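In: Pasting the sequence and the predicted model now:
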Amino acid sequence: MEERTTPILPTCTTPKLTSAGAMGRHSSADPNADLSPSLRAASFVASRSRRISASGYFFTLAFLACVVVLVSNVSGLSANDMLHTTTSYSTMYRSHFTSVVSRFFPGSSSLSQMPNTAVQNPVAALNNGTDGGLKMVGNETRNNGESSDQTSSGRKERASSGEFEFPPTPPPQLKSDEVDTFKAEKSSGDGGAGGGRRVMSRCDLFDGSWVKDDSYPLYEAGSCPHLDESFDCRGNGRPDREYEKYRWQPKNCNVPRLSGEGMLDLMRGKRFVFVGDSLNRNMWESLICLLRNSVTDKNKVYEVSGREEFRSEGSYSFVFEDYNCSVEFFRSPFLVQEWEMPDGNGKTKETLRLDLVERSSDRYKSADFLVFNTGHWWTHEKTSQGEGYYQEGSHVYDQLDVGKAFRKAMTTWARWVDANINPWRTTVVFRSYSASHFIGGEWNSGGRCESEVEPVKNEKHLSEYPPIPLVHVLEKTLKTMRTPVFYLNITKLSDYRKDAHPSVHQKQNMTKEEKKSVFQDCSHWCLPGVPDTWNELIYAKLLMRRHKGRSSQNRLADTRKYYL
């Protein structure tokens, strides 16, 4: 009889965990040990997929958290800040990567010597921070092997030939007195909310009043030989001095006193260009005198062509040798081209090309700072009447309203800026309309202001804003531009200063009869005077940007410490 056998079925038992040393090759600690090879492979793949998926989720969440933190830290950065951020992280990554490679490959030195190929922001001199559209990048490095003596001796010659070069420079550090400007200051007087002045970066620089300050002016009248004679009021016999001793005080912050040395540090290796009418020439001469006052060797400040009068030519350039920088002026009262057309009688007539920017624009489009203005020439009789004067292409308008013509001209200028100005290199400023104070007529019809010796005290007595409708056209145009533009809105603050014009004090030793017959100047400004404040506000804005840039760098440094 055949013996029947009962098959022994495998049982499921819970394996006893053993130490790593006690576990054999087929230790029961492996849950897949008793599975067939094909099942073990499938189980391994599934387990590995789960681990990879979990790791992926973890790193995705970590990456998103980093992005959120970084965005929250740099949300206030401008384009210049972002450029510096890119450069900083590129440098940070390279140095971190190099240290890792060096640990595993001690003999590798090429990485540590790798050149920094990141784009440099040459407005390093302004530390990359921006506010209100102040942006720029810098000049190419020049290394021609010249000694310092050779460079100095040949600079004037290169400047006069149009070959003056400006090498990039390291960023200056904020000085202690500048840092104080950006701290909230306790004030028992007219402070802002909470009894203290707000930080300047959140302050309206153009809302305030003029206050007496005996520490002004910023340079002594008569000390600057580069002034147009008609702006040198004291030299021309103006008897009072009080108009020189006012400073602008915003309501909720303090404007830093302009330091010529500090401003030159910001301008080191750069071109600072004014483009516009004689009011911008007024401001240009102011800046030259402000900066020259802080230079030890005055012989190293000169006009490149040796000119001493600044009215007849289309452009001028002052060089500050010790700082390798220039302060320039280009005459362009309309910002578009003045033109001539044949009138059909064998003669020509003057027109204004609303569709073309002025001819010298290619000479300054790569400057580091550009300060534009226009306005007063649009109020003159021929311009305001607009009869047979405005031109587009070959078409001359028989009649065109000055407001429409101004809008076309500003659109042409704005498009040129957007198409030609590199906002990573160039800071663009537009100075607003400067008020005139003629009483009893216009400049050519008996208007006068020589009796005005004090500023307007009450804001209610100011002219209605804007003083001319064209200001609104300008402001709307600036808002449509892609290129950031700092709008230096000095219209209201200048309107207070009816006391600060040359009036009859336009040249020396005028007789009483000459003073009675001369056209009084109630549009331009005495120097020292109001244009010094305009430049002081630009200086404040540049300091605000630099401070903001340094704050952004500190935030990024903190972020880097946290994540690395």
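Out: All right, it came through fine.
In: Same question for stretch 390-401: list its buried residues.
Out: By neighbour count on 16 or more other CB atoms under 10 Å, the buried set for stretch 390-401 is Tyr390, Gln391, Glu392, Val396, Tyr397, Leu400. For glycine as for every other residue, the C-beta is placed from the backbone atoms N, C-alpha and C.
In: Averaged pLDDT, that stretch. What do you get?
Out: Averaging pLDDT along stretch 390-401 yields 94.
In: same thing with stretch 310-318?
Out: Per-residue pLDDT over stretch 310-318 has a mean of 91.
In: Pull out the buried positions in it.
Out: Using 16+ other CB under 10 Å as the burial criterion, the residues of stretch 310-318 that qualify are Phe310, Ser315, Tyr316, Ser317, Phe318.
In: what's the neighbour count on the residue nearest to Val336 when sequence neighbours are not counted?
Out: Closest residue to Val336 apart from its sequence neighbours, by CB to CB, 6 or more residues apart in numbering: Ala409 at 4.6 Å. Ala409 has 26 neighbours, counted by other CB atoms under 10 Å.
In: from now on call the first residue 807
Out: Understood, numbering begins at 807; the last thing we discussed is Ala1215.
In: what's the spacing between Ala1215 and Val1223?
Out: Applying CB to CB, to the nearest Å, the value for Ala1215 to Val1223 is 13 Å.
In: any idea where the strands of the stretch 1257-1370 of the chain begin and end?
Out: Per DSSP state E, counting those that start in this stretch, the stretch 1257-1370 of the chain carries strands over the ranges 1292-1294.
In: any low-confidence regions in it?
Out: Along the stretch 1257-1370 of the chain, the model assigns pLDDT under 70 to residues 1355-1370.
In: try 50 this time
Out: Scanning the stretch 1257-1370 of the chain for pLDDT under 50 picks out the ranges 1367-1370.
In: element containing the residue lying closest to Arg1047 once chain neighbours are set aside, please.
Out: In space, and not counting its chain neighbours, Arg1047 is closest to Arg1040: 7.3 Å by CB to CB, 6+ apart. For Arg1040, there is no helix or strand it lies in under DSSP states H and E.
In: Now do the same contact list for Arg1040.
Out: Ala1027, Gly1028, Arg1047, Glu1050, Cys1332 (CB atoms under 8 Å, 6 or more residues apart in numbering).
In: Just the pLDDT for it.
Out: Arg1040 carries a pLDDT value of 95.
In: separation between it and Trp1183?
Out: Using CB to CB, Arg1040 is found at 28 Å from Trp1183.
In: and the gap between Pro1229 and Gly1199?
Out: To Gly1199, Pro1229 is 29 Å away according to CB to CB.
In: and which of the buried residues of stretch 1116-1124 is nearest Gly1192?
Out: Among the buried residues of stretch 1116-1124, Ser1121 lies closest to Gly1192 (CB to CB), at 28.3 Å.
In: give the contact list for the closest one.
Out: Counting by CB under 8 Å, 6+ apart, Ser1121 touches Glu1134, Phe1135, Phe1136, Arg1137, Ser1166, Arg1169.
In: Tell me if I am right that the second one is in a helix.
Out: Think Phe1135. No. Assigned with DSSP: H, G, I helix; E, B strand; the rest coil, Phe1135 falls outside any helix and is strand.
In: which residues does it bridge with?
Out: Phe1080, Tyr1122 (DSSP bridges).
In: Is it correct that it is in contact with Ser1084?
Out: No. Taking contacts as CB atoms under 8 Å, Phe1135 lies outside contact range of Ser1084: 9.8 Å.
In: Tell me which of the two has more neighbours.
Out: A side-by-side neighbour count of Phe1135 and Ser1084, using other CB under 10 Å, places Phe1135 first with 26 against 21.
In: all strands of this structure, in order?
Out: Taking DSSP state E, the strands of the chain run over residues 1014-1018, 1052-1056, 1077-1082, 1107-1109, 1121-1126, 1131-1137, 1142-1148, 1154-1163, 1175-1178, 1196-1198, 1201-1202, 1233-1237, 1292-1294.
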